[in-house]
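Engineer: can you look at this prediction? I've put the sequence above it.
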Amino acid sequence: MGLIKKPDPKDILPHPHPLPEDLEWCEMDVKDEKVLNEVYELLRGNYIEDHNGGFRMRFTFECLKWTFTRPNYRKDWQLGIRKKDTKELIGFSNAVPASVSIEGTVFNLAEPSFGSIKAEHRNRRLLPLILLELVRRLRLEGIWFFCSSAEIIIHAPFSEMWFYRRELDFKFVLDVSAVWM
């Protein structure tokens, strides 16, 4: 059990991946209420929605704070993209440290989540860039495993699992604002 291909640390880009000239990377200090509010507003308006924007996942401010600052969280793994001129936050994704034990061997890994780009910037293909930058940062720390879920088919995964979820009481889920329509 181990890596499919042994990575060479020399292959890791020593500097952040380039962004279009009008944008810049920023680390999001999610322990700062003002910064967390920016992330909350971005996700509230742009995270997991149906094709016509009528249904969207919604997390409470407290839930996001708890999720982002799990034990051993890393500020440099809370990554944003801002417009250089206005400093407006237009994209965000994060990763949190985790580990998994497979046949008695413990592997350190990261769980990415909350990848979101404002709708008007999605045609710029920024989400793949933000994920590449997260992977680069993880690899600089010696973390070579990434555990994620997606609602699309990801090409060339080394493992896959299917799960189905069903809301048992959709009215309750709407009432507690976990989703909105």
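Structural biologist: Sure, I can see it.
Engineer: hey, where'd the strands end up in this protein?
Structural biologist: 23-27, 56-57, 78-83, 89-102, 105-117, 179-180 (DSSP state E).
Engineer: mind giving me the packing neighbours of the longest one?
Structural biologist: Looking back up the chat, that one is strand 89-102. helix 33-46, helix 61-68, strand 78-83, strand 105-117, helix 126-140 (3 or more Cβ pairs under 8 Å, 6 or more residues apart in numbering; DSSP states H and E). Where C-beta positions appear, they are placed from N, C-alpha and C, glycine not excepted.
Engineer: nearest to residue 18, of these?
Structural biologist: helix 126-140 (8.6 Å; Cβ to Cβ).
Engineer: before we move on, back to that, next, format the strands of the chain as JSON lines and append mean pLDDT and distance to residue 12.
Structural biologist: Formatted as JSON lines, the strands of the chain follow (pLDDT from 0 to 100; distance: least, Cβ to Cβ, whole Å):
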{"stretch": "strand 23-27", "mean pLDDT": "97", "distance to residue 12": "16"}
{"stretch": "strand 56-57", "mean pLDDT": "64", "distance to residue 12": "33"}
{"stretch": "strand 78-83", "mean pLDDT": "97", "distance to residue 12": "16"}
{"stretch": "strand 89-102", "mean pLDDT": "88", "distance to residue 12": "16"}
{"stretch": "strand 105-117", "mean pLDDT": "86", "distance to residue 12": "15"}
{"stretch": "strand 179-180", "mean pLDDT": "51", "distance to residue 12": "39"}
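Engineer: residue contacts, residue 18?
Structural biologist: Residues in contact with residue 18 (Cβ atoms under 8 Å, 6 or more residues apart in numbering): none are found.
Engineer: ok, it to residue 94 distance?
Structural biologist: Applying Cβ to Cβ, to the nearest Å, the value for residue 18 to residue 94 is 21 Å.
Engineer: now do stretch 147-154, average pLDDT.
Structural biologist: For stretch 147-154, mean pLDDT rounds to 63.
Engineer: check contacts around residue 24.
Structural biologist: With Cβ under 8 Å, 6+ apart, residue 24 has these contacts: 81, 82, 84.
Engineer: quickly list what it is bridged to.
Structural biologist: Taking DSSP bridges, one obtains residue 82 as the residues bridged to residue 24.
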